[in-house]
Each structure stands twice: as C-alpha cells, then as structure tokens.
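> Could you look at this predicted model? Sequence included:
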Amino acid sequence: MSPAKTSEKPMSSPLISGALLLLKLYFFAAFCQKAYTMRLHAINDYGLVIHEFDPWFNYRATEYLDMHGMAKFFTWFDYQSWYPLGRPVGTTIYPGLQMTSVFIKNTLAAYFPAHALSLNDVCCYVPAWFGSVASALTGVLCYEVTRSVSSAVFATGMMAMVPAHMMRSVGGGYDNESIAVTAMVLTFLMWTLSLRSNAFAAPFGLLTAAAYAYMVAAWGGYVFVLNMIGMHAAFLVAVGHFSPKLHVAYSLFYVFGTAAAIQIPVVGLTPLKSLEQLAPCAVFLGMQVIAAGEYTIKAKKLTEAKDKWQLRAKLYAASAAAGLLLVLAVTPTGYFGPLSSRVRGLFVQHTRTGNPLVDSVAEHQPASSQAYYQYLQSLCHFSPIGFVILVVTHRMNDQSTFVILYGLTTYFFSAKMVRLVILTGPVAAICSGYAVGLGFDWSLDQIIMLTSPKEEAEPAAAADAKDKDDDKDKSKKERRNKKDQGTPTKVNKKAEAAAAGIPSWWPAELSDAWVSNKKRYDSVEGLFLRKVVAAFFFFLLFTVGKDFTEYCDKMAEMLSNPSIMFKAQLRSGETIIVDDYREAYFWLKDNTPEDSRVMAWWDYGYQITGIANRTTIADGNTWNHEHIALLGRTLTSPEKEAHRVARHMADYVLLWAGGGGDDLAKSPHMARIANSVYRDVCPGDPTCRMFGFQDKHGTPTPMMEASLLYKLHGHNQKPGVTADPNRFREVFTSKYGKVRIFKVLGVSEESKAFVADPANRDCDVEGGWFCRGIYPPALESTLQKKNDFAQLEDFNKKKNSEADAEDYQRQYMENMKDPSKAAAAAAAAKRKQLEEGEASGAPRYTKEDLERARDELGKRWEDNEITTKMWELINAGDIDNLAQWVNADPTVAYVRSGDGRGPMFWAFEYGSQDIVQLLQSVGVKTTDKDKNGRTPRD
C-alpha cells in the first residue's frame, strides 16, 4: 500500500455510527442504573433504616412537614431540642430535602398508588435516586463542555461510582448533600447552557436561577455555587469576553436567584449582607456599569478608541467611588456580617479556625493526598490529563473556562477541609471522562477507521469556533471581517493551516512540524503503530476500569455502614448485628416519661429526639456555642459540681461507652469547648491540656479522673471508679456495652416546671410563635461565669470584649500550633495541683489489662464503625487524631476487621512508619495473621 493510500479511510457508515451511538446511550443508562444499585448496600443488608446523626433530624423534620403542612413547618419552634432554649426549626433549616421527600411521597400515593411508599422508605431511597440523577447530569454537563458523547458516557460512569460522590448519597444516608450535589450540577449545567449562544442566554439564565433556588433550599453549600458562578462571570469580563449573552444570563441568574434565595427563612438577607456572598453582588453591579458604558458609547456614536476609553474610565471611577462611599457609610451600622468560622478556616494558614467547636469535627480538617486517592482513586490520575487537554484545546471558550475554574477552586477548598472533597466529584469525573473519552474515540477510529482525515483532525475545534463566534455580537463580526479583508496574508495562512488539517489551537510557528509529523502519522508504519497503541489503550481501559469498579464497590460497602448499627463477628464465627444505640433509644422511649430530658453530648441529640422522642440538651445544629459550652462544662466538671447543674436541666444522662470514639475519647474536646466560654474550666490554657490522658496507657489526668463523664463512663467497670449513688443511678447498659444511661437523682421539679411554663418564654412579639425558652433561675450563678464566644473577624462585636477574645484566641492558636509548649504548661499546672494535694492516684490500664484486651479483640474479627474509622485515619495518614484516640483508649489499636486485618496491616500497607511505631508502643504485634495467613510485613 502506498503512503498516499494509507491516509484514506472508508466513508463513515450511518449504520455503524448509529449503532455506536445506541451502544453509548445504553452504557449511559447502565451507568445510571449502576449508580442506583451501588447505593443500596445498606438497605439490602440492614433494611430501610435511617443512618448516622444528622439524617435523623432530617427525617423528624420531614415527618413534621408531612403531618402539619408548610405553614406550620416554617413556624415550628421545637422545645424538644436545645433544652431549655428550644430551636426555631422553620427559620434554621434548609427545607429542600424535606419538601422533596414529602412531594415524592404524596405524588406516588396520588398518581402511582401501586408503588406508594411510606415516608421512611422514601427518605431511605432519596439519596440513591438523586445519586443516579446527579451522575446523569454530570454526563450531560460534560457533553455540553466537550461535545463528546464518549466523554459524557465515561463521566457518567465515573460520577456514578466515585467515592467522593458516594460518601453522601448511600441509601439511608438521608442528608442534605444527598440532593444538594444533584442541585449543584443542575445549576452548573444550566449556567453553561446559558452561555452557548445569545438565544440561550435568557431562558437558561432563568433556569439557572431556578436550579440555584433549589440548591439554596437544599444545603448551605449554595454559597459555593453562588461564588463559583460569580467568579466565572468576573473571569470572563476580565479576559475580554463581556458580551450581551453573558450580561443577560448573569443578570437574570443573580436577580431572580437572589430573589428566590431570600425567601428561604434560614437564608433571609444574607446574600446581601454576608461577606462571603457579597462578591457575586459586586460582579452583578459591576456588570451593569459596564453594560451602561457600552450603551452610552453606542448612543453617543463614539468611534474613536480614545473617546470610548475616556468615557469608560470616568464611568468606572465614579461608580467605584460611589460604591466605596456606600460601604464606608454602612459598615459602622453593623450591616455586614462576618465570615463564618468554617469559611474563615478555608483561608487561614494553619489547620485551626480558632473555634474549638468547629475544630473538634474531624471532617473540618485539611485533606491529605491519601484522602484524595481514597475518594477519587483513578480519577486522581486521569482528571489532571483531561484538565490540561481542556485548557489547551478549548482555550478561552466560555463554557470550558467554567470547568477549568471549577476544578481549580474545588481543589483549593477541598485541600483546606476534607469534607469538601464531595465538591470535587463532578469536576473530576468530567475531566477524567474527557481524557478517557478522547482516548476511546481515537482508539476506536484506529480499529474501525470510521472518520475521514478531515473529521479526525479537529473533533473539538469546530465546536470551539462556534462558541467563539457566539461570543461576538454582530457589529464585532463586521469589524473583524473588514480587518481580515485588509490582511490577505493572515487569511491565506489560516486557510492553508485549515487545509493541512492543523487545529486552531496549534502554534502557527510550528505548522511545518505538524505537517511533517502528520505524514509519518499517515504512513504504513504510522498506521500499524496507531493500531498497536489503540489495542493497548483498550487493554489499559479494561484493567484500570475493572480495578476502579472493584475499588468503588468495596468503598460503597464501607460507606454504607449505617453507624447506628453494624455487623460484628463472635468468637464462634457467627456474624451478628450490633444494635446497641437503637436499643438504648428504644429503652428511653418505652421506659421513661414523655417529658423526660436527656443530657448527652450534642452528637447524639438528633438520634435521641428522632428515635426516642425525648427532649435533649443539644444536637448537631450547633447554633448556640455558649449552650454547648455549658453542656461541656457539666460533663467535664467534678461530679458534685456537675450534679448541681444537671439536676436543673436533665432527668437522665446518656453516654456512649465501649471504647473507640466514645465519649471518653471526645472528652478533651468537651473541656476545650467549655473553656472557650467558661474560662475557669482550664484557667490560662485554652487547649485544656490538664484535661485528658497522661500516657499511652490511658491514665487520666486528675481533672479528668474527677469529672462526671469519667465517673459515669467507668462506673463499676474500671477499678475504683463508681458514680455517687446519691446523685446518679445506673438504669440501663446496652447488650454490648456501647451505651450507658444514668438517672439523675434529686431533680429540681421547680426548675422543670419553670421551663415548661409558657409564661416564662421570651417572645419576639406578643402572641407570636417565636418564643425562646430561658434558663431556670437556679442556674444564674453558673451562667454569670460565662464569657460569650466571639470570632476575631466579627467586627460587630462589642469593643469591651475584643481584648479578651483576642487574647483567648491568640493563646488558643499558639497552643494548637505548639502542643509541646501547651503540654509543658499543663504538666506544670498538674504538678502544682499535686503539690497542693488536690489530686490523688488514678487507676490505669495495667500491662495485664492490655494483654487481655489484645487477646480478646484479636479473636473477634468484625467490620464495625471502629474498624472503619481506624482504616480512614490510617489511610489518610492522620496521625494526630489517631494518636489522640489511641492514647485515650489503647484497646482500639487491637481491633481486627472481618478479613482478619487490622491497624498494623493498614499501617504497613500505606507505608506509614510513624503509625507503625505508634501501634507498637501500645503492644500491637507485627506477627498477627489475617484469614489468609499473612502478617502485616508480608
């Protein structure tokens, strides 16, 4: 075959092309189905059960909406939570999840009675349904940006399976993010569609606003979506892509989207007041100024560039001056709100926000490289390739620049807070899908030679050119054409490059190199080599795809652990389901008066109200820092002092016990939070190093040993540890010891009656629904000691509190940055206490105790929340939190998963010598064997 003939390819067969398109659509649908079935592991294994903590509040709120309707829902003041204050649920909840579930339930009942589901069942299935929809929308967004069907199909499959998306969308995980990711991708899709052409700008700008409104109702992460679109619009203006379609699309999005957002009670006017949401407003105003300038230029028929820029400069300067004066005038009034602690934590250099309540949550910590691989797996390798190709081949296309900015932004923020890895799922899938899709199409062409050389030369350039043409209005086109007519040499070069099959993005000075290499590419040898490379690509696609699917399936099972119950294995090998937590809540529901108040750490508040239907002191809403600090103070205070507070607030105290991440392990955080408001808890030490464990054996400090929490946690289980029988009486311990409940003795009926009396509530208006409860008078002496927590960036706080707040947070940051210095100070304080005779010896784990625990746990192979958490910490290389956990309870280092592997196996697997040494320090052996007879070193 001659070289000339090798460059010729058969004509495309409509039949083959149609068959391939149908095959791709089949895989698109199959991936959507895969997204759904992968999220049903928990439902198949545990039944239709709501998971974890926050989902229980969401379910309880959904029940209330279903029973009472929308009007009462938005005026619901819940006195079963945050006792004695209560919580105005209607104005502190993002109601999109509840509204969606009730709508689906009622629609099925009304129009599809044969398929009607209970509210509980709908809530369990919603994450799986929306996970599938989000996967499909990601594929469509990929197609809109790349115009590649293959890329869209692969992006759909990756989004369907990637753990970054799976982590918040498993069946039973009824959380806001389960629908919010779908809403986010839909908003981004509508935004990119609005930028396709002038005709698309208005309708899809309005649809962007509608999708954004749903996003606002669904999740507080709407702030990211708002700023993402605002930043993209600002970027397009900055690079000279301001156009009528951009102006129309963004203006409609911002005006109607913001108008809808402020209708959500929890949001209110924050889009117009909060610092973290004002940048898109500035973009909107700036865009109106630019549009006004262009309109004035056109109206005055200015033709000289100098005259145009003089007018623009005057207009821009006057607008900027007016804006600055307005900001200076409004700021002293306290109109602008500060950055939240969580947002502030995304921009500080350290890993702490200055708020111990926020810092106590593990998912607010920075992401490591291991965390990215854990949640993105192969996408870590493919997405950078697709990202670079997108940058190079699409250049400044309006739609592709959105994905480019999206990728950069999500990487920055997810690196600051591991929880935000969820935002990387869609963009990682799009970029990875683009890379794999291009490789797939090219390889398929080499095998069946479907396209002609001209078609192969520039698959994306035509779409790119079309988008660029749409970015220019008619007058610009005419001026450009006139200019081109005057430069025939430039036109000829462009024509010659196009005739030679050179892509528009290829540098003109390298055209000769492209032509010479194209000849080699089309030669007999080149054709053979291309077929070999194509065959290798398909082999690689199969092997990597198989590994990715298997990994994601395994992660789906792990992420589907409902937490509130888990599987375990007895010594006999029998697999059981540990249901201690629900057992405790059912006991409360069946054995306590309906008006009982349960004191527990805020983590469990949602479950107590959702399952036991009993009043709690605090929950995961964490809206009142000072109230949580009071709870922390009570639990970490000496038993007698704690009882003086507890008797006025609770009838029962519930603790999580049994090792692992139980309340004893969390107690240092409790003390730290308490001290942020009640500075007498740990005087002079914001990090409360005096409350914790002294050594690797779990020896408590004197302060911890004397605390109520330690007394109740170790009651009759640790040598010499008992609760005062005159103040607390044990009434329930779950089957496997995971939960303990104590009755508070000597409860103040006077205080209880005071809080229950509606006359003792503080209403915003007489006869209104917003009536907050107040503390009983008996707690006044304790409450007088509090110092309301203030963030440093809150410039609306009172001046007389600034010095104290700054001093506290300065010490907090210094101690968190240099733990050894803080530990030394705490040790000195402890020695002083010992010298003054304020502390006594403390029971500790003996060598025999640890050996006994190691032998017992070494025989109990089970997959549970402890093994899952241990694997996550080791996989992420989070040695700080791991060390704190192990120091609090060394026995957690001995756990073994269902396959016989354990912490030491995972430490060797991920090559962390520091973790290996930590585990060895508490007696974990490197000679243990898993079910296959392998040791950690094998």
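All right, it came through fine.

> And the strands in the stretch 751-900 of the chain?
Along the stretch 751-900 of the chain, counting by DSSP state E, counting those that start in this stretch, strands occupy 762-763, 771-772.

> export these to CSV and tack on distance to residue 285, mean pLDDT and mean neighbour count?
Using the backbone N, CA and C atoms, a C-beta is placed for each residue, glycine as well. What follows is the strands of the stretch 751-900 of the chain, written out as CSV (distance: least, C-beta to C-beta, whole Å; pLDDT from 0 to 100; neighbours: other C-beta atoms under 10 Å):
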stretch, distance to residue 285, mean pLDDT, mean neighbour count
strand 762-763, 39, 92, 12
strand 771-772, 37, 94, 18
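
> Residue 875: which of those strands is closest?
strand 771-772 (43.7 Å; C-beta to C-beta).

> Could you name the helices and strands sitting against that closest one?
strand 762-763 (3 or more C-beta pairs under 8 Å, 6 or more residues apart in numbering; DSSP states H and E).

> For residue 275, find the nearest of the strands of the stretch 751-900 of the chain.
Between those, strand 771-772 lies closest to residue 275; by C-beta to C-beta that is 26.9 Å.

> How about residues contacting that closest one?
77, 85-86, 88, 758, 761-764 (C-beta atoms under 8 Å, 6 or more residues apart in numbering).

> Any chance of the strands of the stretch 751-900 of the chain in JSON lines with distance to residue 705 as columns?
Shown next, in JSON lines, are the strands of the stretch 751-900 of the chain (distance: least, C-beta to C-beta, whole Å):
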{"stretch": "strand 762-763", "distance to residue 705": "39"}
{"stretch": "strand 771-772", "distance to residue 705": "37"}
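
> Of all pairs in the contacts of strand 771-772, which one spans the longest distance?
88 and 758 (15.3 Å).

> now for the strands of the stretch 751-900 of the chain, which one comes closest to residue 575?
It's strand 771-772; of the strands of the stretch 751-900 of the chain, that one is closest to residue 575 (C-beta to C-beta) at 48.1 Å.

> before we move on, back to that, neighbour-wise, give me the winner out of the contacts of strand 771-772.
Counting neighbours by other C-beta atoms under 10 Å, residue 88 leads the contacts of strand 771-772 with 22 neighbours.

> hang on, the earlier thing: for residue 681, which of the strands of the stretch 751-900 of the chain is the nearest?
strand 771-772 (25.6 Å).

> List the neighbouring strands of the closest one plus their orientation.
Sheet pairing of strand 771-772 (DSSP bridges) gives strand 762-763 (antiparallel).

> what sits up against the strand it pairs with?
770-774.

> Just give me the closest of these to residue 617.
Nearest to residue 617 among the contacts of strand 762-763, with distances taken as C-beta to C-beta, is residue 773, at 11.9 Å.

> ok now do that closest one, which residues does it touch?
79, 83-86, 755, 760-762.

> Format those residues as JSON lines; extra columns: distance to residue 744.
Below are those laid out as JSON lines (distance: C-beta to C-beta, whole Å):
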{"residue": "79", "distance to residue 744": "19"}
{"residue": "83", "distance to residue 744": "13"}
{"residue": "84", "distance to residue 744": "15"}
{"residue": "85", "distance to residue 744": "19"}
{"residue": "86", "distance to residue 744": "21"}
{"residue": "755", "distance to residue 744": "15"}
{"residue": "760", "distance to residue 744": "21"}
{"residue": "761", "distance to residue 744": "24"}
{"residue": "762", "distance to residue 744": "26"}
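
> just to revisit the earlier point, looking at the strands of the stretch 751-900 of the chain, which is nearest to residue 307?
strand 771-772 (61.6 Å).

> On the pLDDT front, check residue 630 for me.
Listed pLDDT for residue 630 reads 95.

> same thing with residue 240?
For residue 240, pLDDT reads 89.
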